[in-house]
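Visitor: A structural model of the following input is requested.
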Amino acid sequence: MADRRGGRGIMGPLLAVNFVIYLIILGLAGWSLDKYVNGEQHHHLLGGNGATSHMLVYALICGVTGACSVLIGAMHFRAWHGDSLASAAASAIISWAVTALAFGLVCKQIILAGQRGKRLRTLEAIIIIATVSQSLYVSLLHGGIYNSKLGPGYRGHDPDTGLPQSHEAQKPTSPPAI
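Guide: Residues are numbered from 1 along each chain as shown. Take a look at the predicted model:
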């Protein structure tokens, strides 16, 4: 049974995990940015260095785009057509790019070191996990383009009939009326 489901069997749990990860990123980044803006950089759970403010802003953007990508992916998971694959793949790539930018700032934050609190280190770790998880999600979506076992592909089903589309040219059934 798992062989017939292909990528769809993996996508459901991966979407749930990604959604939880991005909600945690939103919560931690929002709390940390609030403390940072209020001038509480020396809060025992925050700390930070020169890259902290930039990392927090990109973490918030990463969380928002990631959560939106998961919602679009859930709609694709439900429909499972080539039409919904295009929007899910596009939003997943955009989300992955922003997550990769946040990951780069996390790396810079770790390299600069300094006193970082528990919540900031937790946020860094979760952004690293989100980067790997989103990469897996993008790979899974694009695997469906190239292999019909992994997903519907862009030529999945005819929206009118629900039948698989053929790759052959269609022959006209009757000559056009003049």
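
Visitor: okay, CA-based contacts and neighbour counts for the rest of this
Guide: Will do.

Visitor: can you say which helix or strand has Gly27 in it?
Guide: Per DSSP states H and E: Gly27 is located in helix 7-37.

Visitor: which parts of that helix are buried?
Guide: By 16 or more other C-alpha atoms under 10 Å, the buried positions in helix 7-37 come out as 7-8, 11, 14-15, 18-19, 21-26, 28-30, 32-33, 35-36.

Visitor: do stretch 80-99 as well
Guide: For stretch 80-99, a neighbour-count test (16+ other C-alpha under 10 Å) marks 80-89, 91-99 as buried.

Visitor: gap between stretch 80-88 and the chain center?
Guide: In terms of C-alpha atoms, centre = their mean, to the nearest Å, the centre of stretch 80-88 is found 15 Å from the chain centre.

Visitor: again, but for stretch 116-133
Guide: Mean-position distance between stretch 116-133 and its chain equals 16 Å (C-alpha atoms, centre = their mean).

Visitor: can you check stretch 84-99 too?
Guide: Distance, centroid of stretch 84-99 to centroid of chain: 6 Å (C-alpha atoms, centre = their mean).

Visitor: any idea of the mean pLDDT for it?
Guide: Mean pLDDT, stretch 84-99: 92.

Visitor: can I get that stretch in CSV, CA atoms only?
Guide: The C-alpha trace of stretch 84-99 is given here as CSV (Å, rounded to 0.1, in the frame of the first residue of the first chain):
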residue,chain,number,x,y,z
SER,A,84,-2.0,22.6,-7.4
LEU,A,85,1.5,21.2,-7.7
ALA,A,86,2.7,24.3,-9.5
SER,A,87,1.6,26.7,-6.8
ALA,A,88,2.8,24.4,-4.0
ALA,A,89,6.3,24.1,-5.6
ALA,A,90,6.6,27.8,-6.2
SER,A,91,5.7,28.8,-2.7
ALA,A,92,8.0,26.0,-1.3
ILE,A,93,11.0,27.3,-3.2
ILE,A,94,10.4,30.9,-2.1
SER,A,95,10.0,29.7,1.5
TRP,A,96,13.1,27.6,1.2
ALA,A,97,15.1,30.6,-0.1
VAL,A,98,14.0,32.8,2.8
THR,A,99,14.8,30.0,5.2
